[in-house]
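Undergrad: Using only what follows, build the 3D model:
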Amino acid sequence: MSAPAPIEAATDPIETIRAFNRFYTNRIGILDRAFLDTPHTLTEARVIYELAARGTTSASQLTEELSLDSAYLSRLLKTFIGKGFVVARKDPVDGRGRLLSLSETGRTVAADLATRSRQSIANLIEPLAETERLDLTAALRRATTLLGGTPAPGKALIRNHRPGDMGRVIASQTQSYTETYGWNEEYEALVAEICARFLRNFDPGRERCWIAEQDGTFVGSVFLVKGNETTAKLRLLHVSDAGRGQGLGTRLVTECIRFAQSAGYRRLELWTNDILIAARRIYQAAGFVLEKEEAHHSFGKDLIGQTWALDLDGWHSPVRPPEARSPASGIPQGRPA
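TA: A predicted model of the protein is given here:
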């Protein structure tokens, strides 16, 4: 019996992927004990990356997201806590659980890993011409989509802000509110001022910006900024039309509330306008209480401003995301939140 003919990687998809895996893992050194010339392994770096991206999370969420053995992750987190990389706080919603976040030292480690990772990739693609880099980027995005690595349609990913995101926040909100409500350039100036102030005065231990993406496209955002030692402010909640129908507004508000609790705030405030009905329903469902209304003329329109507040002591997550309800519930569809 003759031996089977060798499988050519050029024509067989399995062998092609295997060949690429061997090439890429060797090229970027992910099998090395010292990942990116640091004291950390690849798995340790992945956990640090995820904590940096999420801001505040739980061990169970990390286990699910990274597909790690829970016992192994528990030992790893214990090591990180001992080294001062990670801070663990009691979960106010689940008394048996703990909320995890990077300490200042941990954020420094995460920033160093991110810089090393970017430089490693920059060195890898440096010999390529600009058109070749664009071809490579498109091919990798296509491969990620085909292999199912992106969020499923209708499910958005929420992450912390990155350089360049503020421009997207300003453009998205300005266009949406101008088209829907006819607001003028005063609103764009206001959003730009809030974003600039956030970047200039950013306190990572007490403030956060979350960006929502769907298939790599910006679909929403929200900010949590410091008011005083006990009060935080929720600002610029917005979900684009492309991101609606999946409870994304509720998810963003919940991220704000949980982070505010973990940061030690006692009260969360926000200011909005009464015509933003979809957003108001989200705030009400989360437990916010309307404290004040005041007529004002802004953005070229006569409006009714509202101040809402939430007592963070004893807060728990809403059971049902308002945006997931059907149009028959009376919530206007397609409104910017």
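
Undergrad: Helix or strand with the lowest mean pLDDT in this protein?
TA: Sorting the helices and strands of the chain by mean pLDDT, DSSP states H and E puts helix 130-146 at the bottom, at a mean of 73.

Undergrad: pLDDT score for the most centrally placed residue in the chain?
TA: Centroid-nearest residue in the chain: residue 159, 1.4 Å away (criterion: Cα atoms, centre = their mean). pLDDT, residue 159: 91.

Undergrad: Kindly provide the distance from the residue nearest to it when sequence neighbours are not counted to residue 282.
TA: Excluding the flanking residues, the one nearest residue 159 by Cβ to Cβ, 6 or more residues apart in numbering is residue 53, at 5.1 Å. Backbone N, C-alpha and C define where each C-beta goes, glycine included. According to Cβ to Cβ, to the nearest Å, residue 53 stands 23 Å off from residue 282.

Undergrad: Repeat that for residue 61.
TA: 22 Å.

Undergrad: Could you do residue 299 as well?
TA: 21 Å.

Undergrad: ditto for residue 89
TA: 25 Å.

Undergrad: Based on its surroundings, how many neighbours for the residue nearest to residue 159?
TA: By other Cβ atoms under 10 Å, 16 other residues sit near residue 53.

Undergrad: is it fair to say it lies in a helix?
TA: Yes. Assessed with DSSP: H, G, I helix; E, B strand; the rest coil, residue 53 lies in a helix.

Undergrad: Domains in this structure, by residue range?
TA: In terms of domains, the chain is parsed into 32-146, 157-329 (source: automatic domain parsing).

Undergrad: In terms of neighbours, single out the busier of residue 299 and residue 282.
TA: Comparing residue 299 with residue 282 by other Cβ under 10 Å, the one with more neighbours is residue 282, at 27 against 19.

Undergrad: tell me what the helix or strand that contains that one is packed against?
TA: Using DSSP states H and E, residue 282 falls within helix 277-286. Packing partners of helix 277-286 (3 or more Cβ pairs under 8 Å, 6 or more residues apart in numbering; DSSP states H and E): helix 248-262, strand 267-273, strand 301-311.

Undergrad: change it to 10 Å
TA: strand 231-239, helix 248-262, strand 267-273, strand 289-298, strand 301-311 (3 or more Cβ pairs under 10 Å, 6 or more residues apart in numbering; DSSP states H and E).

Undergrad: in the last one, what's buried?
TA: Residues 303, 306, 308, 309, 310 are the ones in strand 301-311 that count as buried (16 or more other Cβ atoms under 10 Å).

Undergrad: if we can go back for a sec, the least confident helix or strand of the chain: what's the following helix or strand?
TA: Following helix 130-146 toward the C-terminus (DSSP H and E): strand 157-160.

Undergrad: Parallel or antiparallel, which strands does that following strand pair with?
TA: Using DSSP bridges, the strands paired with strand 157-160 are strand 208-214 (antiparallel).

Undergrad: Can you list the low-confidence ranges for the stretch 51-200 of the chain?
TA: 93-95, 138, 141-142, 144-146, 148-154 (pLDDT under 70).

Undergrad: all helices of it, in order?
TA: Here the stretch 51-200 of the chain has its helices, by DSSP state H, counting those that start in this stretch, at 59-66, 70-83, 104-125, 130-146, 165-181, 185-201.

Undergrad: For residue 163, the count of nearby residues, please.
TA: 7.

Undergrad: go on, residue 45?
TA: Neighbours of residue 45 under the rule other Cβ under 10 Å: 20.

Undergrad: CA atoms only for stretch 235-246, dumped as CSV, please.
TA: In CSV, the C-alpha atoms belonging to stretch 235-246 read as follows (Å, rounded to 0.1, in the frame of the first residue of the first chain):
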residue,chain,number,x,y,z
ARG,A,235,-21.9,62.3,31.2
LEU,A,236,-22.5,62.0,27.4
LEU,A,237,-24.4,58.7,27.3
HIS,A,238,-25.1,58.0,23.6
VAL,A,239,-26.0,55.0,21.5
SER,A,240,-26.1,55.3,17.7
ASP,A,241,-28.9,53.9,15.6
ALA,A,242,-26.6,51.0,14.6
GLY,A,243,-26.1,50.0,18.2
ARG,A,244,-29.7,50.0,19.3
GLY,A,245,-32.0,47.0,20.1
GLN,A,246,-29.5,45.1,22.3
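
Undergrad: pLDDT averaged over it - what is it?
TA: Mean predicted lDDT for stretch 235-246 stands at 90.
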